[in-house]
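S.K.: Build the 3D model from these lines:
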Amino acid sequence: MEEATTPCGEKASASPSGSLSVRALNVLKELAPELIGEEPPKGTWVPPDDLLRQLTGRHLATARNCGPQTAREIIDWALARGVAIQSPLHRGKPLSEVWRSLAARASAGKLTRAEITEALEKSIRRKSVRIPVAFQIILLEILSSTYDPPPFP
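M.R.: Numbers count the residues shown, from 1 in each chain. Predicted coordinates for the structure are as follows:
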């Protein structure tokens, strides 16, 4: 396994314009089948621009082994290749600060659906009990438009 033989901080060449750590390259390899339908080869691989254009901050926020530092590295590397990836809205903020920020934005009338969705996803991943998890899931389904409300009597 590549990660076991190469330290996390060591760089693996990924393009003439720069390099990615082995961890960042592995995150992109893991996301490639889902985003572009291709299985990356073992060993040396340069993530195609098509993958970078499909990639979102949400993908990075939920990818296995992709913490804030790795996500920032991938976002910066993609930007150097001319592809802008929007970073998550609440990146690096503690959940309590996220909820305070949402409450303040809601009272100012500036709260967006994307902010609510992202905060609920983060809260669900962390199994926060501040808002009951079952209610968080329902809210997320409603916001994602995948929820079919029961018929009224």
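S.K.: what about residue 96, helix or strand, and which?
M.R.: According to DSSP states H and E, residue 96 maps onto helix 95-107.
S.K.: List the buried residues in that helix.
M.R.: Buried residues in helix 95-107, defined by neighbour count with 16 or more other CB atoms under 10 Å: 98, 99, 101, 102. For the C-beta atoms, the positions are set from N, CA and C on the backbone; glycine is no exception.
S.K.: Might you calculate how far stretch 24-43 sits from the centre of the chain?
M.R.: 15 Å (CA atoms, centre = their mean, to the nearest Å).
S.K.: Just read off the phi/psi values of residue 21.
M.R.: When read as degrees, to the nearest 10, the backbone of residue 21 gives phi -70, psi 160.
S.K.: Could you check the pLDDT of it?
M.R.: Residue 21 is assigned 92 on the pLDDT scale.
S.K.: sorry, back to before: okay if I get the buried residues of helix 95-107 as a markdown table plus pLDDT and distance to residue 84?
M.R.: A markdown table is the format used below for the buried residues of helix 95-107 (pLDDT from 0 to 100; distance: CB to CB, whole Å):
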| residue | pLDDT | distance to residue 84 |
| --- | --- | --- |
| 98 | 81 | 23 |
| 99 | 80 | 28 |
| 101 | 83 | 23 |
| 102 | 79 | 25 |
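S.K.: Residue 20: what secondary structure?
M.R.: strand (DSSP: H, G, I helix; E, B strand; the rest coil).
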